[in-house]
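Undergrad: this is a predicted model, with the sequence first.
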Amino acid sequence: MPYDPLTTPTDLEIIELLSKGDRQTPANVAAHLDRNSRYMSGRLRDLEERGYIRDAPPAERSGMYEITKLGKIVAFHIHAYVRDYQNIFHGISLHILEEQPENAFYPDLIKLDETGVDALFEVYSTEGFVVPSHLEIEIVIEKGYSPQTTAEALFSIHYHGLAERVDGMDAYQITKRGEKAVDLYREGTRDPVELTEKLRETYTDEEKDRLDTLS
């Protein structure tokens, strides 16, 4: 299954609609989103082929669609989506799907690689905001990261709500969640499930409601 990145606003709208937990027919999705029914049927088939939604069981080709685990991960993080970073957004979502613990599902699982942790600490220690070129100066030479890697690392902490983009630009500043994450890392918390559980204390009511629905 190819699992291509999401590129159209309509795809994001469909995922957000199905993330509410209801199974939907193409006609219902078209009505909800005020789109042409034939066009919407094509978008739904495309999303199904790419693994974000599926034909709802138990009947084969029931004509009803529901969201998959990958779709739920995307739905939880959908407000962090940035078109210029669609491939990175997609890659992180797949990584979260692959890293799920046994016997539980965490659409909000927080798992940073080494570059992501470095970016988190750099943004935490910087007054104001950080741009990729700043990280190049601070850690690229020291650790051998490429400029592209630093941009991806900054976006990864934005994806998890640990940093926010400033005025929609490629500039990042720490969030309260990010500050708590730094404290947890300093205390030695590395297990993704434990880290996620503790950072859930920082979720907004909207995030908590979304998590309850998706979980």
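TA: That came through fine. Keep in mind that what you see is a predicted model, and the values were worked out from it rather than measured.

Undergrad: show me where the protein has its helices.
TA: Ranges of helices within the chain are 9-18, 26-33, 37-49, 69-76, 86-98, 114-125, 132-135, 141-143, 147-159, 176-186, 192-199, 205-214, based on DSSP state H.

Undergrad: I'd like the ones you listed laid out as TSV, including mean neighbour count.
TA: Heads up, the C-betas are built off the backbone N, CA and C, glycines and all. Listed next are the helices of the chain as TSV, based on neighbours: other C-beta atoms under 10 Å:
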stretch	mean neighbour count
helix 9-18	18
helix 26-33	17
helix 37-49	16
helix 69-76	24
helix 86-98	18
helix 114-125	20
helix 132-135	19
helix 141-143	10
helix 147-159	23
helix 176-186	17
helix 192-199	16
helix 205-214	14
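
Undergrad: those helices: which one's closest to R61?
TA: Taking C-beta to C-beta, helix 37-49 is the member of those nearest to R61, at 10.7 Å.

Undergrad: tell me what the closest one is packed against?
TA: helix 9-18, helix 26-33, strand 53-55 (3 or more C-beta pairs under 8 Å, 6 or more residues apart in numbering; DSSP states H and E).

Undergrad: quick one: contacts of that helix?
TA: For helix 37-49, contacts defined as C-beta atoms under 8 Å, 6 or more residues apart in numbering pick out 1-2, 8, 10-11, 14-15, 26-27, 29-30, 33, 53-55, 65, 71.

Undergrad: which stretch in the helices of the chain is the model least sure about?
TA: When the helices of the chain are compared on average pLDDT, helix 141-143 comes out lowest at a mean of 65.

Undergrad: residue contacts, the spatially most central residue of the chain?
TA: Central residue of the chain (C-alpha atoms, centre = their mean): H77, 3.5 Å from the mean position. H77 sits next to 89, 92-93, 108, 159-160 when contact means C-beta under 8 Å, 6+ apart.

Undergrad: farthest-apart pair in those residues, please.
TA: The largest distance within the contacts of H77, taken as C-beta to C-beta, falls between F89 and D108 and amounts to 14.6 Å.

Undergrad: quick one: Y203 from E197, how far?
TA: According to C-beta to C-beta, to the nearest Å, Y203 stands 11 Å off from E197.

Undergrad: what does T7 give?
TA: To E197, T7 is 33 Å away according to C-beta to C-beta.

Undergrad: what does Y106 give?
TA: Y106 sits at a distance of 9 Å from E197 (criterion: C-beta to C-beta).

Undergrad: correct me, but V29 touches Y65?
TA: Yes: assessed by C-beta atoms under 8 Å, V29 is found in contact with Y65 at 7.4 Å.

Undergrad: now do the shared contacts for the two.
TA: Common neighbours of V29 and Y65 are listed as 18, 44 (criterion: C-beta under 8 Å, 6+ apart).
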